[in-house]
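[1] with the input below, show me the fold.
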Amino acid sequence: MNDLATQVSDQLATLLEARGGFTRVNPLDAIKGSCPIANMPTAVQTVRDIETDSVLIDAGEFAVTSMDAFGWNLNLAASANARVILALDTEGASESLIAAEIHGARARARRHQVTIAAVALPATVAAQVSVDGLAVLPLPLTEASLAALDAVELPNVVTPLAFQADLIERARANRKRIVLPEPEDDRVLKAAAEVLERQIAEVILVGDEATVRARAAELGLNIDAASIVSVEDPAYNEKYAVEFARLREKKGVTVEQARETVKDVSYFGTMMVHMGDADGMVSGAAHTTAHTIVPSFQIIKTAPGVSIVSSIFLMLMKDRVWAFGDCAVNPNPTPEQLADIAVTSARTAAQFGVEPRVAMLSYSTGSSGSGEDVEAVIEATRLAREKAPELAIEGPIQFDAAVDADVAATKLPDSPVAGQATVFVFPDLNSGNIGYKAVQRSSGAVAVGPVLQGLNKPVNDLSRGALVEDIVNTVALTAVQAQG
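    All right, here's what the predicted structure looks like:
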């Protein structure tokens, strides 16, 4: 760390400590993921004033000379929604060179969705430098320096890291009991250990307790706080069998048949949620989607006013979050079902902090096209508006008109959704699945999901290729769903 950066860091820390409500974040903790800004691979020191969200990030010493330290620091600042102080080494530099350096840094910061709030310079240099819209802080920093920082508006960018950190914090705030019925999969055990360590949720594992705990010990995992329940436990099996037989009585299911059915881990876990012994379930790492969600259709069933269970993917873009539905469950929804998917997707998005502006996607925008497929989206839009008149819904609309303000100004100039949509409803599973994967792979977006919606209680499916991080995120979002 250069001398000037160290000087600015120390002075800011002193001022913030005097103000109170201050904490330092260890860079190694940031890298390891034990602070809110998790998994950011950079050596940084962050000084944060909890009350004003003022953050100073100083570049550290990097062993890898090709590492873009400034870029990583800007990404970190974006994820923390932080104002940044730029500390420049001005020794031997002319006023024009300093101005050029500041201009270049600000342009770079804008590309990372970051606001440079101020530039800190030696007092003799600061007196000679003036930059429009940027506070120039002479050293040493004073209370007036903090006042200048407070006057700069906080950025409002939702990066993938910021979204995931907020998701974890929301889950922690009201911890729920999440059942994981696949502890024979090492990824699930590892995720369970992390969920417990980070206090994201209470964990219930379905399996033989001795076997599960022995495997966890072999992997060096601490799951002491987890509850482990066996499908053979008569205390659970009998009451679940009686209830399942009641639910499926019209299908001719007897209690004897139900006793065997509820020994299946997916049915057992779903019954735990239905009976109130767990608040939500996450499964699918070792089972098909159908094996995970069919029991929920039979047992938990749809919420009042919802005709169909559907899904969304939360697409964590560089600086925003989009919701894509339905990309995982319903192949060819009717207009009535598509309307339900739109309204439910909007409400799910709002639950995760996304202001819903719903685009009913089509190959036509407004009245520009015609045909059976377009007519279906027109009808779905009408029904969705009827179901939820408070929502901003536009359709039919093409993807470019939904996200690009210039295209929207030409095609739908008076729309409250066009150019700024956040919830995208695809007309069928074919286009939805292709669409989310195309955006994910071409933009580098993080796709969280599928998040099942429309059920009375939360059950979520995992991809069989899920990473431990994916399972942890899904547990967190299931816990948030369970909060209501």
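
[2] how close does the residue lying closest to residue 255 once chain neighbours are set aside sit to residue 274?
    Residue nearest to residue 255 in three dimensions, not counting chain neighbours: residue 245, with 4.6 Å by C-beta to C-beta, 6 or more residues apart in numbering. C-beta here means a position set from N, CA and C on the backbone, and glycine is covered the same way. Residue 245 is 13 Å from residue 274, where distance means C-beta to C-beta, to the nearest Å.

[3] ok, which stretches of the stretch 1-150 of the chain are helices?
    For the stretch 1-150 of the chain, the helices defined by DSSP state H, counting those that start in this stretch occupy 3-19, 27-32, 69-79, 95-111, 123-126, 143-150.

[4] where do the domain boundaries of the protein fall?
    4-157, 160-301+459-483, 302-454 (the TED database).

[5] now those as JSON lines including mean pLDDT?
    Converted to JSON lines, the domains of the chain look like this (pLDDT from 0 to 100):
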{"stretch": "domain 4-157", "mean pLDDT": "65"}
{"stretch": "domain 160-301+459-483", "mean pLDDT": "93"}
{"stretch": "domain 302-454", "mean pLDDT": "92"}
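
[6] need those in CSV with mean neighbour count, can you?
    Putting the domains of the chain into CSV (neighbours: other C-beta atoms under 10 Å) gives the following:
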stretch, mean neighbour count
domain 4-157, 17
domain 160-301+459-483, 20
domain 302-454, 20
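
[7] for residue 187, grab phi and psi.
    Phi and psi for residue 187, reported as degrees, to the nearest 10, are phi -60, psi -40.

[8] that one reaches residue 284, doesn't it?
    No: applying C-beta atoms under 8 Å as the test, residue 187 and residue 284 come out as separate, 11.2 Å apart.

[9] what sits in contact with each of those two?
    Counting by C-beta atoms under 8 Å, 6 or more residues apart in numbering, the common neighbours of residue 187 and residue 284 are residue 466.

[10] which stretches of the stretch 301-450 of the chain form strands?
    For the stretch 301-450 of the chain, the strands defined by DSSP state E, counting those that start in this stretch cover 310-316, 321-325, 357-361, 392-397, 423-425, 446-453.

[11] closest to residue 303 out of those?
    Of all the strands of the stretch 301-450 of the chain, it is strand 446-453 that lies closest to residue 303, at 8.8 Å by C-beta to C-beta.

[12] partner strands of the closest one and their direction?
    Taking DSSP bridges as the criterion, strand 446-453 forms sheet pairs with strand 310-316 (antiparallel).

[13] mind checking how far the strand it pairs with is from the chain centre?
    In terms of C-alpha atoms, centre = their mean, to the nearest Å, the centre of strand 310-316 is found 10 Å from the chain centre.

[14] before we move on, what about stretch 313-332?
    How far stretch 313-332 lies from its chain's middle: 11 Å, per C-alpha atoms, centre = their mean.

[15] span of that stretch from start to end?
    One end of stretch 313-332 to the other measures 18 Å (C-alpha to C-alpha, to the nearest Å).

[16] repeat for stretch 353-365
    Start to finish, the residues bounding stretch 353-365 are 27 Å apart (C-alpha to C-alpha).

[17] same check, this time on stretch 413-429
    OK, stretch 413-429 end separation, C-alpha to C-alpha: 29 Å.

[18] do stretch 191-210 as well
    Using C-alpha to C-alpha, first and last residues of stretch 191-210 are 19 Å apart.

[19] how close does residue 407 sit to residue 141?
    Plainly put, residue 407 is 46 Å away from residue 141 if you go by C-beta to C-beta.

[20] stretch 216-225: how far from the chain's middle?
    On C-alpha atoms, centre = their mean, the centre of stretch 216-225 falls 27 Å from that of its chain.

[21] repeat that for stretch 304-317.
    15 Å.

[22] cool, and stretch 430-447?
    Stretch 430-447 sits 16 Å away from the centroid of its parent chain (C-alpha atoms, centre = their mean).

[23] which residues are in contact with it?
    160, 164, 313-318, 324-328, 331, 361, 399, 424, 426.

[24] distance from stretch 350-367 to the middle of the chain?
    With C-alpha atoms, centre = their mean, you get 18 Å for stretch 350-367.

[25] also stretch 6-14?
    33 Å.

[26] adding distance to residue 435, write the strands of the stretch 301-450 of the chain out as a markdown table.
    A markdown table is the format used below for the strands of the stretch 301-450 of the chain (distance: least, C-beta to C-beta, whole Å):
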| stretch | distance to residue 435 |
| --- | --- |
| strand 310-316 | 9 |
| strand 321-325 | 6 |
| strand 357-361 | 8 |
| strand 392-397 | 14 |
| strand 423-425 | 8 |
| strand 446-453 | 11 |
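
[27] closest to residue 177 out of these?
    For residue 177, the closest of those is strand 446-453, at 17.9 Å, according to C-beta to C-beta.

[28] export that closest one to CSV, keeping only CA atoms.
    What follows is strand 446-453, C-alpha atoms only, in CSV (Å, rounded to 0.1, in the frame of the first residue of the first chain):
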residue,chain,number,x,y,z
VAL,A,446,-25.6,-15.4,-12.0
ALA,A,447,-28.8,-17.4,-12.4
VAL,A,448,-30.4,-18.2,-9.0
GLY,A,449,-33.1,-20.8,-9.2
PRO,A,450,-35.4,-22.1,-10.3
VAL,A,451,-37.4,-20.6,-7.5
LEU,A,452,-40.8,-22.4,-7.3
GLN,A,453,-43.7,-20.1,-6.8
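
[29] residue 311 touches residue 448, doesn't it?
    No: counting by C-beta under 8 Å, no contact exists between residue 311 and residue 448, whose distance comes to 11.4 Å.

[30] any idea how far residue 93 is from residue 140?
    Applying C-beta to C-beta to residue 93 and residue 140 gives a distance of 20 Å.

[31] tell me which stretches of the stretch 201-350 of the chain form helices.
    For the stretch 201-350 of the chain, applying DSSP H, counting those that start in this stretch gives helices covering 209-218, 234-247, 255-261, 265-274, 289-299, 335-351.

[32] let's have the ones you listed in JSON lines, adding distance to residue 99.
    Below are these laid out as JSON lines (distance: least, C-beta to C-beta, whole Å):
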{"stretch": "helix 209-218", "distance to residue 99": "59"}
{"stretch": "helix 234-247", "distance to residue 99": "71"}
{"stretch": "helix 255-261", "distance to residue 99": "74"}
{"stretch": "helix 265-274", "distance to residue 99": "61"}
{"stretch": "helix 289-299", "distance to residue 99": "57"}
{"stretch": "helix 335-351", "distance to residue 99": "43"}
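
[33] among these, which is nearest residue 175?
    Of all those, helix 265-274 sits nearest to residue 175, with 15.8 Å by C-beta to C-beta.

[34] give me the helices and strands touching the closest one, please.
    On a contact count with 3 or more C-beta pairs under 8 Å, 6 or more residues apart in numbering; DSSP states H and E, helix 265-274 meets strand 177-180, strand 202-206, helix 234-247, strand 280-283, helix 289-299.
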